[in-house]
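[1] pasted the sequence and its predicted model underneath.
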Amino acid sequence: MKKQKSNRKRFLFSSFCFISFCFLPFAFSLQGCGGERQTLKDDENGTKAKAPMVYYEATLRPSEFDEEVEIIQKDHEKQGESALPFEVPSDSTVVETVEVQGFRIQVFASSSIDEASAAQIVAREKVGTDSVYVVYDPPVYKVRVGDYATRLEANQRLPRLVHLGYTDAWVVSDKISLRRVTRIPRPAD
């Protein structure tokens, strides 16, 4: 008998939790959907009375507030404050890309663009951080990895690519994209 009561209590409690979890958020979301929301307004006697939100939406005239905005802006100018609510950063940075002669590591070559594109995708997955390019040098599509300014940098990276399975990889001279971060100072006031 006791076991039946405890099972019944568990069932009621779990049912209550389920209903609360499923339907209460829905009920709260419906609360803001009604157009007949009641708000307070002053009536003829100066007392607060409830009015539907539709009343305020119908009587709102945004242009009536323009004069108040102008008055506030003039007050800010008198106090020496800027009209802008945010601070201009002290300086900015820009990433510039420059094409220069450098080196890359060639890992694949084929006369088929489809094979080269597939090899590029595989190389991107294996290599990770380096850029992977498909270069067309008629009649061959070549898959090349990296943007190295010197042959020494490329030669230092080559053993890692060989270890990843590109046993025929080799360093080649190519146009590379160097990315530089340039600081632009803030103009003097």
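    Good, I have the coordinates.

[2] just the CA trace of the longest strand that the chain contains, in CSV.
    When the chain is parsed with DSSP state E, its longest strand is strand 91-110. Only the C-alpha atoms of strand 91-110 are listed here, as CSV (Å, rounded to 0.1, in the frame of the first residue of the first chain):
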residue,chain,number,x,y,z
ASP,A,91,45.0,53.7,-33.7
SER,A,92,43.9,51.0,-36.1
THR,A,93,45.5,48.0,-37.8
VAL,A,94,45.2,46.8,-41.4
VAL,A,95,46.2,43.5,-42.9
GLU,A,96,47.9,44.1,-46.3
THR,A,97,48.7,41.3,-48.8
VAL,A,98,51.8,41.8,-51.0
GLU,A,99,52.7,39.5,-53.9
VAL,A,100,56.5,38.8,-53.9
GLN,A,101,58.9,36.2,-55.2
GLY,A,102,59.3,33.4,-52.6
PHE,A,103,59.1,29.7,-52.2
ARG,A,104,56.5,27.0,-51.9
ILE,A,105,56.5,23.2,-51.5
GLN,A,106,55.0,21.3,-54.4
VAL,A,107,53.2,18.1,-53.2
PHE,A,108,51.2,17.0,-56.3
ALA,A,109,51.0,17.5,-60.1
SER,A,110,48.4,16.3,-62.6
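
[3] got a list of contacts for the following helix or strand past it?
    Downstream of strand 91-110, the next assigned helix or strand under DSSP states H and E is helix 113-127. Contact partners of helix 113-127, identified using Cβ atoms under 8 Å, 6 or more residues apart in numbering, comprise 107-110, 132-134, 141-143, 145, 161, 164-166. Yep, even glycine has a C-beta here, placed from its N, CA and C like the rest.

[4] buried set for helix 113-127?
    Judged by neighbour count using 16 or more other Cβ atoms under 10 Å, the buried positions of helix 113-127 are 116, 119, 120, 123, 126, 127.

[5] closest to residue 59 out of the residues you listed?
    Residue 59 has its nearest neighbour among those in residue 120, at 63.8 Å by Cβ to Cβ.

[6] direction included, what does the longest strand of the chain pair up with?
    strand 140-148 (antiparallel), strand 170-185 (antiparallel) (DSSP bridges).

[7] next, the angle helix 113-127 makes with that strand.
    Orientation check (axes from the mean of the first three to the mean of the last three Cα atoms, to 10 degrees): strand 91-110 against helix 113-127 gives 120 degrees.

[8] what about residue 164, neighbour count?
    For residue 164, the neighbour count with other Cβ atoms under 10 Å is 15.
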